[in-house]
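Chemist: coords please:
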Amino acid sequence: METEKRLIILVDDNPANLRIGKNVLSGTYTVATAPSAAKLFELLEHNRPALILLDIDMPGMDGYEAIKALKTNPQTRAIPVIFLTGMAGGGEEARGRELGAADCVAKPFEPALLSQCIEEHLQP
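Modeler: Presented below is the predicted three-dimensional model:
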């Protein structure tokens, strides 16, 4: 009997990062991609992911603003969020954790490390 794959939403304004992330994760998970926080919230209207991978530095609503909105909404506050950032080392991880992020992974990400991090934070 085949079990249904858990849904992960990957949010990044860089199309290459979306493509790479989807390629890396789609063997294990169902992956929906969003090029902006606005598209993430559109996807959340009809989908309940097991986890969200969220880029910090995006035009419009950045990852910090997006996680604030996620964590104040009773419908989305329990969804684990892992920040993806190319700005590692500048306090992003600490700020992300203060806002409710489960973890922070530096880009470009190592596929095995990203998969391990996801498994650690997925809801049962």
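Chemist: Helix or strand with the lowest mean pLDDT in this structure?
Modeler: Comparing helices and strands within the chain by mean pLDDT, DSSP states H and E singles out helix 92-98 as the least confident, with a mean of 82.
Chemist: Check which helices and strands that helix sits against.
Modeler: For helix 92-98, the elements it packs on are helix 63-72, strand 81-85, strand 103-106, judged by 3 or more CB pairs under 8 Å, 6 or more residues apart in numbering; DSSP states H and E. In short, each C-beta sits where N, CA and C put it, glycine included.
Chemist: quick one: the residue nearest to residue 118 when sequence neighbours are not counted from residue 115, how far?
Modeler: Spatial nearest neighbour of residue 118, excluding adjacent residues (CB to CB, 6 or more residues apart in numbering): residue 51 at 6.1 Å. Going from residue 51 to residue 115 by CB to CB, to the nearest Å gives 12 Å.
Chemist: When the two are compared, which one has more neighbours?
Modeler: Counted by other CB atoms under 10 Å, residue 51 and residue 115 do not tie: residue 51 has more neighbours, with 22 against 16.
Chemist: need the contact list for the more buried one.
Modeler: 6, 8-9, 79-82, 118, 121-123 (CB atoms under 8 Å, 6 or more residues apart in numbering).
Chemist: would you turn those residues into CSV with pLDDT?
Modeler: Below are the contacts of residue 51 laid out as CSV (pLDDT from 0 to 100):
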residue, pLDDT
6, 94
8, 97
9, 98
79, 96
80, 96
81, 97
82, 95
118, 94
121, 92
122, 88
123, 54
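Chemist: Compare these and tell me which has the most neighbours.
Modeler: In those, the most neighbours by other CB under 10 Å go to residue 81, 26 neighbours.
Chemist: Can you pull out the low-pLDDT segments for this structure?
Modeler: The chain contains residues with pLDDT under 70 at 1-3, 87-90, 123-124.
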